[in-house]
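> build me a structure from this.
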Amino acid sequence: MKKVLEDIFNDILEISDINMQKKMWLNENNDTGLISSYVELMNRLFDDNNFSYVIENEAIALDLEPELIFALKTLRDALDGYVDKETDQEIITDPKWIEISEQAKSIIKMWT
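The predicted structure is shown next:
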C-alpha cells in the first residue's frame, strides 16, 4: 500500500505542476526523460492506483490526517467533474484545469 500511496502522491504532483505537464504532455523542453498525458495521468490515478478506493477506504488506516483526506476527496470530486478538452494543450490552458492544479498544489504542501 505504501507504493500505491507514493504513486498517488506523484500523480497529484504532476497535476499540481503546469510546467511539468508542458514538458511531459507536450514535450516542451522535456529534460525529464518521461512522457505522459492527461489521459495517462487519469488512468494511472483512478485505475492503476484506485485513488477513489484508497481515499474512501484506506486513508484512515494509512494515518492520513483528516484535513488531507478531505482535500483529497475534494480533488477527486473536481477531477470527476472535469470536462476534458480535445488536446492536452487545451487542458493545460483551461482555467478550470488551472484551478484543479492549484488545488493539487495545496495538497502537496499539506502532504509533505
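> enumerate every residue touching A104.
By C-beta atoms under 8 Å, 6 or more residues apart in numbering, the contact list for A104 reads I12, L13, I15, S16, L75. Every residue, glycine included, has its C-beta placed from N, CA and C.
> among those, which two are most distant?
L13 and L75 (12.2 Å; C-beta to C-beta).
> more neighbours, the two?
Between L13 and L75, counted using other C-beta atoms under 10 Å, L75 has the larger neighbour count: 21 against 16.
> now the residue most central in space within the chain, nearest residue through space, not along the chain?
The residue lying closest to the centre of the chain (C-alpha atoms, centre = their mean) is I12, at 3.0 Å. Take I12 and drop its neighbours on the chain: the residue closest to it by C-beta to C-beta, 6 or more residues apart in numbering is A104, 5.0 Å away.
> where's E102, which helix or strand?
For E102, the element it lies in under DSSP states H and E is helix 95-111.
> show me what counts as buried in that helix.
W97, I100, S101, Q103, A104, K105, I107, W111 (16 or more other C-beta atoms under 10 Å).
> low pLDDT regions in the chain?
In the predicted model of the chain, no residue satisfies pLDDT under 70.
> and with 80 instead?
1, 112 (pLDDT under 80).
> close enough to count as contact, I100 and R76?
No: the pair I100 / R76 is not scored as a contact, 10.7 Å apart, by C-beta atoms under 8 Å.
> coming back round to it: as a markdown table, the buried residues of helix 95-111 with distance to V39 would be great.
Below are these laid out as a markdown table (distance: C-beta to C-beta, whole Å):
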| residue | distance to V39 |
| --- | --- |
| W97 | 14 |
| I100 | 15 |
| S101 | 17 |
| Q103 | 20 |
| A104 | 17 |
| K105 | 22 |
| I107 | 21 |
| W111 | 24 |
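> Q89: how many residues sit nearby?
Residues lying near Q89 (other C-beta under 10 Å) number 14.
> that one is in what secondary structure piece?
Q89 belongs to helix 88-93, assigned by DSSP H and E.
> in that helix, what's buried?
Buried residues in helix 88-93 (16+ other C-beta under 10 Å): D88, I91, I92.
> closest one to A61 out of the residues you listed, please.
Closest to A61 out of the buried residues of helix 88-93 is I91 (33.4 Å), distances taken as C-beta to C-beta.
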